[in-house]
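Student: just a sequence and a predicted model for now, questions to come.
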Amino acid sequence: MNSKITSLLRWADDALILGQRLAEWCGHGPVLEQDIALTNISLDLIGQARSYYQYAAELEGSDSTEDTFAFHRDVPEFKNHLLVEQPNGHWGVTILRQFFFDTYHFYLLEGLRKSNDATIAAIAEKAIKEVSYHAQYTAEWVIRLGDGTEESKAKMEEALDLMWMWTPELFESDEVDSEAVTQGYGVDPSTLKEAWTQKITQVLGLATLQVPENPWGQTGGRNGNHTEHLGFLLAEMQYLPKSYPDAKW
Amino acid sequence: MEKDNWKIWEVFIRSKNGLSHKHVGSLHAPDEEMAIKNARDVYTRRSEGVSIWVVPSDQITASSPDEKEPLFTPSDDKVYRHPTFYEIPDEVGHM
């Protein structure tokens, strides 16, 4: 598989898996307004995943379609970061996970807008408008919950303990990323870390939360080594097309 | 998170430039910034607007249904207040 397809699948898998996670909130949000906000974000992400998958299928030139990638691959073939497959937990956990990802996602797309591949640049151009809003929305919530009541602050501290260890992986780079930079279609994730850290520090400061000092992070997602949670997510997401392969809408 | 702490807001959307903001509904939000964001998510998902106003519901003064007769009935028999008796030149277009 060429490195451009691998890169596309990595970006797509992040968006799809997180979109599916957020969709689990549908009908369960703390209030109607939040429920709709999260499912809006979910749909934006799934739309972005579709664009990447469609392009990857086109490059692959086989019988693959966007659905093949989404519904007919198993855990080790998914290349998403471990952060996005983590369970939703309470509202604070979901918001913090989303804030960490949105901020990374925003800087990633800023880079991809300048891709020398016109399709990738166009997908990023469309997506960054959506993601700017996601990042604003979740930052506002982190500030309100961290600097809110004693209970909301305690829950955000708990969320930080749970989510921090999955963030270093976002900035890991390997030979696929260096190939992306050499060919000019992608970005090196390690170059996004400084801007991300600055933004996170600023928002956590406003939220009166401490930036965790522990630099250790669990990695493996982009090589297909996932946490136990991804299998359950895929089982639910892929159930219908796997049980009824010819099912049509 | 106590929902009791959340104010109710009335939402007004301008559907395009040149038109006025129209009341579209209400929603819950903890403060004005989140009210705008919630309004964006709840009321403009299908490209309904280019501008949003939010107003705390308790800041709206409403007429009382009891006053319906003195307020509104007197105009019922004054059809001459409608500008329907004028010839409008074609050049004016739709009014």
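Tutor: Perfect, I can see it now.

Student: longest helix in chain B, please.
Tutor: helix B:32-43 (DSSP state H).

Student: what pLDDT, on average, does that helix get?
Tutor: Helix B:32-43 shows an average pLDDT of 94 in the prediction.

Student: residue B:27 belongs to a helix, doesn't it?
Tutor: No: according to DSSP: H, G, I helix; E, B strand; the rest coil, residue B:27 belongs to no helix; its state is strand.

Student: hmm, it is touching residue B:35, no?
Tutor: Yes: assessed by CB atoms under 8 Å, residue B:27 is found in contact with residue B:35 at 7.0 Å. No exception for glycine: its C-beta is placed from N, CA and C like everyone else's.

Student: what touches both of the two?
Tutor: Among the neighbours of residue B:27, those also in contact with residue B:35 (CB atoms under 8 Å, 6 or more residues apart in numbering or on different chains) are B:9, B:11.

Student: any idea whether the most centrally placed residue in chain B is helix, strand or coil?
Tutor: In chain B, the residue lying closest to the centroid (CA atoms, centre = their mean) is residue B:23, at 2.6 Å. In three-state terms, and counting by three-state DSSP, residue B:23 is strand.

Student: quick one, what contacts the spatially closest residue to it that is not a sequence neighbour?
Tutor: Distances taken as CB to CB, 6 or more residues apart in numbering or on different chains put residue B:12 closest to residue B:23, at 5.5 Å, once the chain neighbours are dropped. Counting by CB under 8 Å, 6+ apart, residue B:12 touches B:21-24, B:52-55.

Student: run a quick neighbour tally on residue 33.
Tutor: Went with chain A since none was named. 21 (other CB atoms under 10 Å in any protein chain shown).

Student: oops, wrong one, chain B.
Tutor: Neighbours around residue B:33, by other CB under 10 Å: 14.

Student: tell me which residues touch it, please.
Tutor: residue A:140 are the contacts of residue B:33 under CB under 8 Å, 6+ apart.

Student: all strands of chain B, in order?
Tutor: Here chain B has its strands, by DSSP state E, at B:7-14, B:22-29, B:51-56.

Student: of those strands, which stretch is the most buried?
Tutor: Of all these, strand B:7-14 carries the top mean neighbour count, a mean of 19, counting by mean count of other CB atoms under 10 Å in any protein chain shown.

Student: kindly report the residues of chain A close to chain B.
Tutor: Contact residues (CB under 8 Å from any CB of the partner chain) of chain A with chain B: A:30-34, A:36-37, A:40, A:91, A:133, A:136-137, A:140, A:144, A:152.

Student: just the buried ones from the residues you listed, in ChimeraX syntax?
Tutor: Buried subset of the residues of chain A next to chain B, written as a ChimeraX selection, criterion 16 or more other CB atoms under 10 Å in any protein chain shown:
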select /A:33,34,36,37,40,91,133,137,140,144,152
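
Student: just the ones of the residues of chain A next to chain B in helices?
Tutor: Reading helices off the residues of chain A next to chain B with DSSP H, I get A:32-34, A:36-37, A:40, A:91, A:133, A:136-137, A:140, A:144, A:152.

Student: if we can go back for a sec, any chance of the strands of chain B in CSV, with mean pLDDT too?
Tutor: As requested, the strands of chain B are arranged in CSV below (pLDDT from 0 to 100):
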stretch, mean pLDDT
strand B:7-14, 96
strand B:22-29, 95
strand B:51-56, 97
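
Student: for the ones you listed, please prepare TSV with the additional fields distance to residue A:71.
Tutor: Formatted as TSV, the strands of chain B follow (distance: least, CB to CB, whole Å):
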stretch	distance to residue A:71
strand B:7-14	38
strand B:22-29	36
strand B:51-56	38
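
Student: quick one: closest of these to residue A:206.
Tutor: strand B:22-29 (18.8 Å; CB to CB).

Student: and the closest one with helix B:32-43, angle?
Tutor: Computed with axes from the mean of the first three to the mean of the last three CA atoms, to 10 degrees, the direction of strand B:22-29 lies at 120 degrees from that of helix B:32-43.
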